[in-house]
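# predicted model and sequence follow; I will ask about them next.
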Amino acid sequence: MNLRKSVAVSFALLLALTTLPGCKKKQSAPLADETAPPPASSPAPTAVLRATPTVISAGDQVQLSWRTMDATAVSIDGLGNLPTAGVKTVTPNQSTTYHLTATGPGGTVEATADVTVNGKPAVEVPTSSMSAEEEFKSQVQDIFFDYDTYDIRGDAQATLAKDADFLNRNSSIKIVIGGYCDERGSDEYNLALGQNRADAAKNALVTAGVAANRIRVVSFGKEKPFCTESNEQCWQLNRRAGFAIDK
C-alpha cells in the first residue's frame, strides 16, 4: 500500500469513529425519600385528680373528682377500675394519698391527691341531767328524702356519717330505723317505699362501719305522720328515715 492510499484509509477510519453516537451513562433509580416524617403516634394520656376537702376530721367524707384525656383505662388504688372521668365520695379513716393511674394507647400517666385526717374528737360524756335517750337524740339525726324516691341525698349522706360516728363510738347501742312517707299514694305503695327508705339508711350505716346486727328496720308508710298539714313543707317532714334506740 502506497503512502497516499494509507492516508486515505486512516482518514476514513477517523471519520467513522467521530460519527458514532455517544454512550449515555445509565442513571440510577432515585432513592426513596428518607427524610419523610414517621407516622404520628397516639398522644400520651393526661389525668387530674382532686380531693374536696383536703383536711377533715375522722368520720367526715371527702369527694374525689377526676378527669382524663386520651385514656382507655383508669383506676384508683383501693377503689378499683373507674370511668375515665367521674366523682366518688369516700370516708378515709386516716391520712391518705389517693393514687390514680390512667392508661391509653399513648402510654400511662399518674395523678395523686392528699387528704389529711385529724384525730377523732373527744367522746362527749353526758351530763347527769341528760338521759341516754336524750343524748342519742341529740347526736343521731333523722334523714329526709325527696318525693317518691329512696335515694340518699347529699345532705343526708353528711348526716349519716355523723350518725355512724356516734354509733361506732357507742357500740352497745342498738337502733331501729323507721321508714316514713307523706300522705300521697296508696297504703301498700307507701309501706314498700318506707321499707326501701329504712333499708337505704341501714345500708349507709353498715357501709360506714356499724354492725348490721345492731340495726332493725320497720316501715310505717304514711300511717304515723310527723305533720298533718297537706303542703310541701309538711310532706317533706314526713318523708324520712327516723332513728330510735331499740329497746
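That came in fine, so what should we check first? Numbers count the residues shown, from 1 in each chain.

# CA atoms for contacts and neighbours, from now on please.
OK.

# from the chain's centroid, how far away is the longest strand anywhere in the chain?
With DSSP state E applied, the strand covering the greatest number of residues in the chain is identified as strand 107-118. The chain centre lies 13 Å from the centre of strand 107-118; the measure is Cα atoms, centre = their mean, to the nearest Å.

# could you pull out the helices in the chain for me?
3-19, 132-139, 154-169, 187-207, 232-238 (DSSP state H).

# what residue ranges in this structure score low on pLDDT?
1-40, 120-129 (pLDDT under 70).

# sorry, back to before: dump the helices of the chain into CSV; add distance to K224 as well.
Listed next are the helices of the chain as CSV, based on distance: least, Cα to Cα, whole Å:
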stretch, distance to K224
helix 3-19, 125
helix 132-139, 19
helix 154-169, 21
helix 187-207, 11
helix 232-238, 9
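
# among those, which is the most enclosed?
Each of the helices of the chain was assessed for mean neighbour count using mean count of other Cα atoms under 10 Å. The highest is helix 187-207, with a mean of 20.

# convert that one to PDB, retaining C-alpha atoms only.
Extracted C-alpha coordinates of helix 187-207, given in PDB (Å, rounded to 0.1, in the frame of the first residue of the first chain):
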ATOM      1  CA  ASP A 187    -101.100   2.400 101.800                       C
ATOM      2  CA  GLU A 188     -99.400  -0.600 100.100                       C
ATOM      3  CA  TYR A 189     -97.200   1.600  97.900                       C
ATOM      4  CA  ASN A 190     -96.100   3.800 100.800                       C
ATOM      5  CA  LEU A 191     -95.400   0.700 103.000                       C
ATOM      6  CA  ALA A 192     -93.000  -0.500 100.300                       C
ATOM      7  CA  LEU A 193     -91.400   2.900  99.800                       C
ATOM      8  CA  GLY A 194     -91.000   3.300 103.600                       C
ATOM      9  CA  GLN A 195     -89.200  -0.100 103.800                       C
ATOM     10  CA  ASN A 196     -86.900   1.000 101.000                       C
ATOM     11  CA  ARG A 197     -86.100   4.200 102.800                       C
ATOM     12  CA  ALA A 198     -85.300   2.400 106.000                       C
ATOM     13  CA  ASP A 199     -83.200  -0.100 104.200                       C
ATOM     14  CA  ALA A 200     -81.200   2.600 102.400                       C
ATOM     15  CA  ALA A 201     -80.400   4.300 105.700                       C
ATOM     16  CA  LYS A 202     -79.300   1.000 107.200                       C
ATOM     17  CA  ASN A 203     -77.100   0.100 104.300                       C
ATOM     18  CA  ALA A 204     -75.400   3.500 104.500                       C
ATOM     19  CA  LEU A 205     -74.700   3.000 108.300                       C
ATOM     20  CA  VAL A 206     -73.300  -0.600 107.600                       C
ATOM     21  CA  THR A 207     -71.100   0.800 104.900                       C
END
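
# okay, angle between that helix and helix 154-169 too, please.
60 degrees (axes from the mean of the first three to the mean of the last three Cα atoms, to 10 degrees).

# how distant is helix 187-207 from the center of its chain?
Per Cα atoms, centre = their mean, the displacement of helix 187-207 from the mean C-alpha position of its chain is 25 Å.

# do stretch 166-180 as well
29 Å.

# give me the contacts around it.
Outside stretch 166-180, the residues within contact range by Cα atoms under 8 Å, 6 or more residues apart in numbering are 123, 139-140, 190, 193-198, 201-202, 209-210, 214-222, 224-225, 238-247.

# ok, Y98 touching A113?
Yes. A contact is recorded between Y98 and A113 when judged using Cα atoms under 8 Å, the distance being 5.2 Å.
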